[in-house]
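S.K.: sequence unknown, structure follows:
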């Protein structure tokens, strides 16, 4: 009895094929270079591989330190550059510091020498493809780790390509051997002229039950996965249009600690938070005209918009020629969606950070934050659907609790009283100890679409 | 009462014509439309085969997928200097005043980001008490009319000229002139009168010049003023107070809709129509056309226009006890009932007359004096300052112009006599020959297009102006937007032309400075309230009887009555597509005027009395005073026999003038319908040339000759669209007597169904106790938005419909689409004729001149007006059939329509028992068919759209949302301010616009709310209760104050 014909083998094969399929779907994120991972998590926000950015390019960094005769000090530099500069034992340290405008590099005391080597190895071997994403140059590395994971997915697919090719080669070689064996063993059946394809078809037909089930499982899985992945399609996440003025939120909201509502001053009154009007900018920028030429160039754009001429004696004056600043809108919702900032900020007591991320660390003007990044922020409701998709909205509406029984708001007080008119329904709502926005109707179409 | 009465919307329904039955059974009368589409030759030539179609399909799917992968870049442009009172996203309201020569109201204007988008009445200040009318509500669209002049024009030039150039030429002309005439509609602005006075003084000081101010109204109320001059020694129009009148007798006065200050009167009248109030008035109407007012009357007598004097004389003589003669049959019965009722009410009575005949008004004064109504329902001290024009002076001016002896300079403030005057055609030739003709009209219309210079006035929403509508009230209008064009305040123009000031451009503060300077009180408070009461000089003159002249009315076999439609009125707003598409509250016809005739007589004379989307009505030539026009003959039940009615205000722009895109007929696939000579076809025909004066006063009736013509004309009327089939419980009515004396079961019985009780016996139970499904948890908990509509108060004026259209961006679809039953209005104003008999038309009994019950069906039926919108059923049949859950129920009782989810199966509309769902057949904001009619297609016109409401696209269903944007906003305000929602805080567009407060909305779960209390009334019922859909809208039984 041929093994191939045994019931057990057939079942085994079917099982194996399903198993292979499932393993394909559920396979954990594969291997990737430790150095690449570290680079993306720790360095990429300031350092590019082949180009000087906020900091010098990493490619050849080790060589440059070695050329300066300070090859060993690079590890100290990475771990604690301030200490190295202070110690006075490195000329290059101060040279690099001054070359990049006196901006201090972050401290990475947690990196071992091996890890630094891995990063530098990666940098030296890497090609120009691995450009740094424009993520925030943040003090906390969480955001970057996340970016690394994101990038990791790309790595997985490459690994899988290689594995897939190997797998195919194995299949073909095994089946080739089998064919040879078969031809050798069955001389009485002269069907040697059959091509691989014909034979494959025959084989499929022979095991049509298994083939059918496999195809069915495959089709359903692809459909389910496809539909699931449709839910995560988004066009907004990470959207960061160029802006007429490179406005750093990190300086205004971060360093200077200006409250969000000072500039976005209709956020508590209106459906739109409001972009600051130029007269609001001028409240401060009348005096502050920038230290560096870059800053001055940017601030002069505000002056042009406001019609402010600093050269008018004695202390500057308005020319009367104004031109509004045309920003590119970052958070764009379709026309059929009604969103109200004041609803969320005043009635819902949601902090800006929940949806917009920590703008205090955002060096660029603004971008649509990734949901993973938002979920990492302390105190935020953890969400999974991409930012600014409807799934994201309703996920939050399904999780967010509305405190209606603390007597702080007469509106909710009244609502609470009315809910208690139907205790059965009330208990049903309170089963999970809280009343969410959706339980008060926050998932209803006409809350946002009309 | 329903069991003995028959309710029908049109002759088609009464007779159950095959076409009607077919249409009734289909939600969408699409078939014939498809046929005409397929028969279109151009489309047949198209070469798109099936394969091409599939290719296109595949390509467009791929293209759409690709396109949706990238978000377009959207710009955000903040202000440079934010105006203090503008917060983007939040509406700013301004108190102002509306006056256009016909209507007056204290209003509130809603602006969003600086754009006025909505007008509603100011309920807190002003004698109009927050009541407007369809024209006032629609007037905001006129601001964004792209054909409104945006700068000064010189004759013959299509381009603007600098205002200063025009001014110089005008001043030069004025200096060279010997005689100057200013032609204007009635002026009620003290500041403008002062300006004209200063202008006059400047030019009469030297050079032996004459300056004359002539006021001219196409709709004249001179007879009332003249009658009071004779009886009281001063030409006055008194203030009427219908709210105090227990008996109202109106002879041909449509005081709820078009007569004098009809918006004020509608509110007062509505207050007396509440059967639960202190009293309910008895209303007698004698008229030839079935007017909105007449449709609400308890007793309606049909008279020919020439018989008004007869009726008034009969009333006067009977009240005096001298006995009257001349009336017969039904009319006699009604007149006797009126006399009895007037006697009973005494001084709490009011008699008004709508004719412009001196003898009629003298009779009215005598009757009111006889009743001692002066002092109670009539106030002579606080007299109305509107309609102060003296047309006899204007006639002199016109005849001088026609004779070529006209003034050297004529300044016209937008009166448009070429259109409204009987000798318009001759005036057109003569006006062009004047040495200098200056106009301040806002459009280059029939008259102003002849002017040497047009220096256009601002739109009322752009300018400062003041008014003295009554002697006891002073009001101001403030601008709500910076002038869109280089227009000039007419007030400033007079000062400039008098050399008293200089032009400073469109941001001039001259009008503001002048008005503010003239006001001695707290100006900020005045602007905040928009009006202020002033001391009324007491009027102590007493009634002096005068000899009433005998009538000389030239009655004919057939008489015509010229009337104003509530939407178009005098025609000044004829280019407003919202108004053109507002179905006339009585005839339900849109986009046309026509000859109304009683269907009873039409049958005798061989006219078609039924029509549908493919079959038109017969044309007839009507000749009055030697002027003829050809119009379709429309069957109008209730029209007095041997009379016809034709509406004024149509046929605008006969010379193809640029008076607005919506003013002309359009073709089936877009573009203007052109006459053989290449001119644009007007909508309807102008009948102003048929008007003649009698004793110096314009008469709106006369003898007529009506001759049937060859051919038919397609009519776009909504009356039998969306008919609720075979269900009788939709309207309930009763008499005051029954209501006051009988139990609820007598006039408002609940619908009972039979069921088995626990003992296995049959028992009857109200339909509310039967449930097929689990109820939505809307009762008791949370909010439950509800509405009651009092059919007793609803007068059918149409304000709700227009307000809804403005608030909810309801598209205008044009005549051709309305004809196909595809109007988009979210509110349907059903007008039911009520007759006692099942079948219709018998023969008139000659001997006693009264009709059998069967005849009354069409000859003189009573009327019920019923606004119908989405009922937000808690067991909504539409929700269960939607395959994509695009229409769902909210836990606040709303039936939600989600456009972005809708795929347009139209199952919901087919399953709606109320037929209130509307399908977007076309892309109204961009398809070429609607370019001329839909304001959303105009760059300027779309500024009027409400940014809080989605503009729906092709292929989706839409319907009344209960103004969910307002509900959300009211809730949000309460949440933010940590307070409960107050009763009355939520007002939908319709409830806000209702002049009689027939519509009450609110939170039904708030047991102290007025809407909850209203639903607990004995009169409250739900339409089509037997269907068991549990709507959130209640009606209240109509109560008639009849024996």
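M.R.: Good, I have the coordinates. Not measured: the values here are computed from a predicted model.

S.K.: For the stretch 1-150 of chain A, which residues are neighbours of chain B?
M.R.: Residues of the stretch 1-150 of chain A found near chain B (C-beta under 8 Å from any C-beta of the partner chain): none. Every residue, glycine included, has its C-beta placed from N, CA and C.

S.K.: So which residues of the stretch 1-150 of chain A form helices?
M.R.: For the stretch 1-150 of chain A, the helices defined by DSSP state H, counting those that start in this stretch cover A:7-26, A:34-38, A:61-67, A:73-79, A:81-87, A:91-99, A:113-125, A:142-185.

S.K.: With the stretch 751-900 of chain B instead?
M.R.: Under DSSP H, counting those that start in this stretch, the stretch 751-900 of chain B gives helices at B:799-807, B:814-819, B:853-859, B:877-881.

S.K.: now for the first one, which elements pack on it?
M.R.: Put plainly, it is helix B:799-807. strand B:115-121, helix B:134-143, helix B:577-581, helix B:989-993 (3 or more C-beta pairs under 8 Å, 6 or more residues apart in numbering or on different chains; DSSP states H and E).

S.K.: Repeat the analysis, applying 10 Å as the threshold.
M.R.: Packing contacts for helix B:799-807, counted by 3 or more C-beta pairs under 10 Å, 6 or more residues apart in numbering or on different chains; DSSP states H and E, involve strand B:115-121, helix B:134-143, helix B:577-581, strand B:828-835, strand B:862-868, helix B:989-993.

S.K.: The first one packs against which elements?
M.R.: I take that to be strand B:115-121. Here strand B:115-121 touches strand B:92-99, strand B:104-112, helix B:134-143, helix B:799-807, helix B:989-993, going by 3+ C-beta pairs under 10 Å, 6+ apart.

S.K.: With the fourth one instead?
M.R.: Using 3+ C-beta pairs under 10 Å, 6+ apart as the contact criterion, the neighbours of strand B:828-835 among helices and strands are strand B:6-8, helix B:11-15, helix B:292-295, helix B:799-807, helix B:853-859, strand B:862-868.

S.K.: so how far is the first one off the chain centroid?
M.R.: Spelled out, it's strand B:6-8. Centroid displacement of strand B:6-8 relative to its chain, using C-alpha atoms, centre = their mean, to the nearest Å, is 25 Å.

S.K.: quick one: average pLDDT of it?
M.R.: Averaging the model's pLDDT scores along strand B:6-8 yields 79.

S.K.: again, but for the second one
M.R.: Confidence over helix B:11-15 (mean pLDDT, whole number) is 77.

S.K.: same deal with the last one?
M.R.: Across strand B:862-868, pLDDT averages out at 91.

S.K.: Report the inter-axis angle for it versus strand B:828-835.
M.R.: For strand B:862-868 against strand B:828-835, the angle by axes from the mean of the first three to the mean of the last three C-alpha atoms, to 10 degrees is 160 degrees.

S.K.: possible to save the helices and strands packed on strand B:115-121 as JSON lines with distance to residue B:645?
M.R.: Listed next are these as JSON lines, based on distance: least, C-beta to C-beta, whole Å:
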{"stretch": "strand B:92-99", "distance to residue B:645": "28"}
{"stretch": "strand B:104-112", "distance to residue B:645": "26"}
{"stretch": "helix B:134-143", "distance to residue B:645": "19"}
{"stretch": "helix B:799-807", "distance to residue B:645": "22"}
{"stretch": "helix B:989-993", "distance to residue B:645": "26"}
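
S.K.: any chance you could map the strands in the stretch 201-350 of chain B?
M.R.: Along the stretch 201-350 of chain B, the segments classed as strands by DSSP state E, counting those that start in this stretch run B:210-215, B:237-240, B:247-251, B:282-287, B:299-302, B:349-353.

S.K.: re the thing from before, with distance to residue B:520 added, can I get the helices and strands packed on strand B:828-835 in a markdown table?
M.R.: Formatted as a markdown table, the helices and strands packed on strand B:828-835 follow (distance: least, C-beta to C-beta, whole Å):
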| stretch | distance to residue B:520 |
| --- | --- |
| strand B:6-8 | 58 |
| helix B:11-15 | 61 |
| helix B:292-295 | 40 |
| helix B:799-807 | 36 |
| helix B:853-859 | 59 |
| strand B:862-868 | 45 |
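
S.K.: Show me the one of the ones you listed that comes nearest residue A:441.
M.R.: helix B:799-807 (22.7 Å; C-beta to C-beta).

S.K.: Test my guess that residue B:794 contacts residue B:867.
M.R.: Yes: here residue B:794 reaches residue B:867: they are 6.4 Å apart, a contact under C-beta atoms under 10 Å.

S.K.: Show me which of the two is the more surrounded one.
M.R.: For residue B:794 versus residue B:867, the count of surrounding residues by other C-beta atoms under 10 Å in any protein chain shown is larger for residue B:794: 26 against 23.

S.K.: tell me the contacts of that one?
M.R.: The contact partners of residue B:794, taken as C-beta atoms under 10 Å, 6 or more residues apart in numbering or on different chains, are B:270, B:273, B:296, B:800, B:829, B:864-867, B:994-999, B:1035-1036, B:1038.

S.K.: could you redo the last one with a cut-off of 8 Å?
M.R.: Contacts for residue B:794 (C-beta atoms under 8 Å, 6 or more residues apart in numbering or on different chains) come out as B:865-867, B:994, B:996, B:998-999.

S.K.: so how far is chain A from the residue in chain B sticking out farthest from the centre?
M.R.: Most distant residue from the mean C-alpha position of chain B: residue B:759, 58.2 Å away (C-alpha atoms, centre = their mean). Relative to chain A, residue B:759 is positioned 29 Å away (C-beta to the nearest C-beta, to the nearest Å).

S.K.: Any idea which of the helices of the stretch 1-150 of chain A has the lowest pLDDT on average?
M.R.: Ranked by mean pLDDT, the helices of the stretch 1-150 of chain A bottom out at helix A:7-26, with a mean of 47.

S.K.: neighbours around residue B:343, how many?
M.R.: For residue B:343, the neighbour count with other C-beta under 10 Å is 14.

S.K.: For the spatially most central residue of chain A, give its distance to residue A:398.
M.R.: With distances taken as C-alpha atoms, centre = their mean, the residue of chain A nearest its centroid is residue A:370 (4.2 Å). Between residue A:370 and residue A:398 the distance is 20 Å, computed by C-beta to C-beta, to the nearest Å.

S.K.: now swap in residue B:401 and tell me
M.R.: From residue B:401 to residue A:398 the distance is 76 Å (C-beta to C-beta).

S.K.: one step back: pick the one among the contacts of residue B:794 closest to chain A.
M.R.: Using C-beta to the nearest C-beta, the shortest approach to chain A within the contacts of residue B:794 belongs to residue B:999, at 20.0 Å.

S.K.: Give the full set of residues in contact with the nearest residue to that closest one once chain neighbours are set aside.
M.R.: Nearest non-adjacent residue to residue B:999, counting by C-beta to C-beta, 6 or more residues apart in numbering or on different chains: residue B:991, 4.0 Å away. For residue B:991, the contacting residues are B:787, B:800, B:997, B:999-1001, by C-beta under 8 Å, 6+ apart.

S.K.: Could I get the pLDDT score of residue B:991?
M.R.: In this model, residue B:991 is scored at 93, pLDDT.

S.K.: Show the contacting residues for the residue in the stretch 451-600 of chain B that chain A sits nearest to.
M.R.: Going by C-beta to the nearest C-beta, chain A is nearest to residue B:507 of the stretch 451-600 of chain B, at 13.8 Å. Going by C-beta under 8 Å, 6+ apart, residue B:507 touches residue B:482.

S.K.: Need the pLDDT of it.
M.R.: 88.

S.K.: so how far is residue B:456 from it?
M.R.: For residue B:507 relative to residue B:456 (C-beta to C-beta), the value is 16 Å.

S.K.: tell me the SS of the residue of the stretch 301-450 of chain B found nearest chain A?
M.R.: Residue nearest to chain A within the stretch 301-450 of chain B: residue B:442 (30.2 Å; C-beta to the nearest C-beta). Three-state call for residue B:442 (DSSP: H, G, I helix; E, B strand; the rest coil): coil.
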